[in-house]
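Visitor: model the following, please.
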Amino acid sequence: MTRKRSLIYLAGPMSGCNRDQMRDWRARVVDRWSSQFDFINPVDDLDEEGDASPHGLVRKDEEAILRSDAMLANMWRESIGTAIGVAHAHYRGKPVVVVDPNRLNNRLLAYYAAAVVDTPHAGMKALRSMLRQQERIREVIKREGRREPFDRGKLTESIREACRAAGRNDILVPAEVLPIVLERLTDSARVIAGGVSAGVVRDAVWQVLADLEADPLRHRDYAGIREAWERHDRRRRSLTRPAALAEPAVRARSLRVRVFSAKSHATIWGKTVKTTGDIPQPARQAFREICRVEGIAEVRLTTMSQGPHVDGVRIQIHASRQLGIIEGKCHHQADKGDVQAFQIRVHDPEATEAVRRRLVSHLAEAGLARLPGGAA
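Guide: Numbers count the residues shown, from 1 in each chain. The predicted structure follows:
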């Protein structure tokens, strides 16, 4: 299937400019990038505008921005029309990259832009990266598997609120943090069918803020933002968390939970696991019992080792120091080892302990939680 080419709107000063000033930079962008993108070039319509009314011209520009997938705005000089176009594209959810070759350093443009760069070529490279990320992460998977469109603006605003609470720059910091977060998300094995869970997004933001705060060269700019963001996130989720997750239910059948081994990792069963069907019995049924508990996003098989002799299968569940994660071990005598470690990631990190307790009680009821010597 042929992939749809993204459509880029080329914004920039028009009023008071001669034809060369309007055409040349746009022509260079189109010539260099036309093999990858299609473009809306407002200069192409100049000769056809004729006696069109000012209102009609503005409406035409608005409609062109609405049709586009993203905007490259070359602000080589100040332009009221370009600034309005940037804001219009931003509020329509379009990624906007502003080119600022002459260091105008306009705060309004920096606020609405996803990135500010020095050259149109750098701007197109930034847009290419953003559009690829957008193509891969289309949805956020909410609690109980509900999906909603991924909104980079919503994520940016939550980071801005944390910056304001911490007394840090709420324009430059989000502009630096968001691309790193999105890069980590798109590189993650946790992107499932174009979606990523809300918990994974939160983990990525937390880790990026923690890494930047730990950097001696950036500590002053990032000190306190991570803690402020955690407070903001906990407060927001406390208002929306469904009561059902306080005591997760156990379903009659396994839920649609991804169970997999990392990359080509050989498990104790001597093969890669992509679904529970790849796990031999009776361990397969044990993992299906785990997947009956609500609130679980995925189960990731990690390391293998030797362990005590057990008859059949036994499962150990214990807490993790990482929020949103539950640690586990599957004891099963197999070809490559006796103990398969795994991590359970939950949809709502705040419900981690509730899910863990429910898992322990359910596995005990199913006769899967007792090891030799009586250890649970």
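
Visitor: so where do the strands sit in the chain?
Guide: Secondary structure of the chain (DSSP state E): strands at 7-11, 38-40, 70-74, 96-99, 115-117, 139-141, 147-149, 195-197, 258-261, 296-305, 314-319, 325-331, 339-346.

Visitor: how about those in JSON lines, adding distance to residue 55?
Guide: From N, CA and C alone the C-beta is placed, and that goes for glycine too. Shown next, in JSON lines, are these (distance: least, C-beta to C-beta, whole Å):
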{"stretch": "strand 7-11", "distance to residue 55": "19"}
{"stretch": "strand 38-40", "distance to residue 55": "20"}
{"stretch": "strand 70-74", "distance to residue 55": "22"}
{"stretch": "strand 96-99", "distance to residue 55": "24"}
{"stretch": "strand 115-117", "distance to residue 55": "31"}
{"stretch": "strand 139-141", "distance to residue 55": "37"}
{"stretch": "strand 147-149", "distance to residue 55": "32"}
{"stretch": "strand 195-197", "distance to residue 55": "41"}
{"stretch": "strand 258-261", "distance to residue 55": "52"}
{"stretch": "strand 296-305", "distance to residue 55": "50"}
{"stretch": "strand 314-319", "distance to residue 55": "63"}
{"stretch": "strand 325-331", "distance to residue 55": "56"}
{"stretch": "strand 339-346", "distance to residue 55": "53"}
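
Visitor: redo those strands as TSV? Include mean pLDDT.
Guide: Formatted as TSV, those follow (pLDDT from 0 to 100):
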stretch	mean pLDDT
strand 7-11	96
strand 38-40	96
strand 70-74	96
strand 96-99	94
strand 115-117	89
strand 139-141	81
strand 147-149	81
strand 195-197	80
strand 258-261	90
strand 296-305	91
strand 314-319	90
strand 325-331	92
strand 339-346	93
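
Visitor: got these as a markdown table, with mean neighbour count columns?
Guide: Shown next, in a markdown table, are the strands of the chain (neighbours: other C-beta atoms under 10 Å):
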| stretch | mean neighbour count |
| --- | --- |
| strand 7-11 | 23 |
| strand 38-40 | 17 |
| strand 70-74 | 25 |
| strand 96-99 | 26 |
| strand 115-117 | 21 |
| strand 139-141 | 20 |
| strand 147-149 | 12 |
| strand 195-197 | 22 |
| strand 258-261 | 21 |
| strand 296-305 | 19 |
| strand 314-319 | 19 |
| strand 325-331 | 22 |
| strand 339-346 | 22 |
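
Visitor: how about those, which one is nearest residue 252?
Guide: strand 296-305 (15.6 Å; C-beta to C-beta).

Visitor: which residues are contacting the closest one?
Guide: For strand 296-305, contacts defined as C-beta atoms under 8 Å, 6 or more residues apart in numbering pick out 141, 190, 192, 197, 199-200, 255, 257-262, 265-268, 273, 287, 290-291, 328, 336-347, 355.

Visitor: hang on, the earlier thing: show me the one of the strands of the chain that comes nearest residue 249.
Guide: When those are ranked by proximity to residue 249 (C-beta to C-beta), strand 296-305 comes first, at 11.8 Å.
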